[in-house]
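> Need a 3D model of the following:
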Amino acid sequence: METVTRFAPSPTGYLHIGHAYSALINFDQAIAANGRFVLRIEDIDQTRCRPEYEAGIFEDLSWLGLTWEEPVIRQSDRMELYEARLSELQERGLIYRCFKTRKDIEEAMRAPHDAPTDAFRSRPMAPIEERDNLAASKPYAWRLSMSEAETVLGDVFTSLTFVEETKTGKVESPAYAGRFGDVVLGRKDSGASYHLSSVLDDSDQGITHVTRGEDLRDAAGLHVLLYKLFDLSPPVYRHHALITGKDGKRLAKRDHTANLRAMRENGQNPNDVKALLPSLTL
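Residues are numbered from 1 along each chain as shown. Model prediction:
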């Protein structure tokens, strides 16, 4: 099987050296396997995404010496596909409208529960109440019903695993999908969530290896559930260490001194960036 990797940044700020680390690992993995490297722009959040940040992504990656396939896929161009998949899940009874506000959820989290995920589980409201909320144009989110997913998948639900590639080889890790509760897969006002769009994009682009920061390791358990519900083949996952600042905290796009644009403007070169990074071999 041909190896296909990807780097999928959001144009909500300029890339920093942590992004460079992830992009370089994915690029080197594809090159080493004589495979393909894909760049995808995850620009669903149109309130925060800006053209200058997208242009900066291309400039910074080119400066690092990376090349990628054309055309570059943008999630903002795939909204109809996400909506169609959400409609499919709705028809199967796997998602429901949730009108809870952020405050409602915070209060639910503070209340005592029999299980940690109970705060994130909710039953669809009565049809008449839902109609009233829709008539009042109240905002809502589409939540995945974990109880329905468990009913549909049966014993498979609790035995789901994802394949993870580590320094010592491939291992199967349990998904524990139920622990996520009824996660949001879409919103009325902003389309698909990261979880839904990422899974569908990776599948449609034929991504065989998803390599990303260890902060997203838990997400693999949820994503493999979505792959199963859509009857799609999941990729192999790899998770790399996070690049942190001098304070030990993970870098953010607002950390100007660590962004690639600032480093370029200060006369540093790609080798200077690579010298700041751990080994690019996982």
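> ok, which stretches of the stretch 1-150 of the chain are strands?
4-7, 36-41, 73-74, 95-98, 141-144 (DSSP state E, counting those that start in this stretch).
> Can you say which of the ones you listed is nearest to residue 240?
Among those, the nearest to residue 240 by C-beta to C-beta is strand 4-7 (12.1 Å). Yep, even glycine has a C-beta here, placed from its N, CA and C like the rest.
> what residues are up against residue 195?
183, 185, 219, 222-223, 226 (C-beta atoms under 8 Å, 6 or more residues apart in numbering).
> Relative to residue 45, which of the residues you listed is nearest.
residue 185 (15.3 Å).
> what about the residue nearest to that closest one when sequence neighbours are not counted, which helix or strand?
Leaving aside its sequence neighbours, residue 185 sits nearest to residue 196 (C-beta to C-beta, 6 or more residues apart in numbering; 4.5 Å). Per DSSP states H and E: residue 196 is located in helix 194-204.
> which residues of the stretch 101-250 of the chain fall in helices?
102-110, 127-135, 146-153, 156-159, 194-204, 219-229 (DSSP state H, counting those that start in this stretch).
> Mind putting these into CSV with distance to residue 33 and mean pLDDT?
Formatted as CSV, the helices of the stretch 101-250 of the chain follow (distance: least, C-beta to C-beta, whole Å; pLDDT from 0 to 100):
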stretch, distance to residue 33, mean pLDDT
helix 102-110, 43, 63
helix 127-135, 49, 87
helix 146-153, 32, 96
helix 156-159, 30, 97
helix 194-204, 17, 97
helix 219-229, 20, 97
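> domains for this structure, by residue range?
1-77+244-282, 79-242 (automatic domain parsing).
> Can you verify my assumption that the residue nearest to residue 185 contacts residue 85?
Yes: between residue 196 and residue 85 there is a contact at 6.9 Å, judged by C-beta atoms under 8 Å.
> Looking at those two, which one has more neighbours?
Set side by side, residue 196 and residue 85 show more neighbours around residue 196, with 25 against 19, by other C-beta atoms under 10 Å.
> so who does that one touch?
82, 85-86, 185-186, 226.
> what's the closest of those to residue 32?
Looking across those and measuring by C-beta to C-beta, the closest to residue 32 is residue 226, at 28.9 Å.
> which parts of stretch 225-241 are buried?
For stretch 225-241, the buried set under the neighbour-count rule, 16 or more other C-beta atoms under 10 Å, comprises 225-229, 234-240.
> I'd like those residues laid out as TSV, including distance to residue 70.
Formatted as TSV, the buried residues of stretch 225-241 follow (distance: C-beta to C-beta, whole Å):
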residue	distance to residue 70
225	32
226	28
227	27
228	32
229	32
234	26
235	22
236	25
237	26
238	25
239	28
240	26
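> returning to that earlier point: can you redo the helices of the stretch 101-250 of the chain as a markdown table with distance to residue 172?
Formatted as a markdown table, the helices of the stretch 101-250 of the chain follow (distance: least, C-beta to C-beta, whole Å):
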| stretch | distance to residue 172 |
| --- | --- |
| helix 102-110 | 31 |
| helix 127-135 | 40 |
| helix 146-153 | 17 |
| helix 156-159 | 10 |
| helix 194-204 | 19 |
| helix 219-229 | 11 |
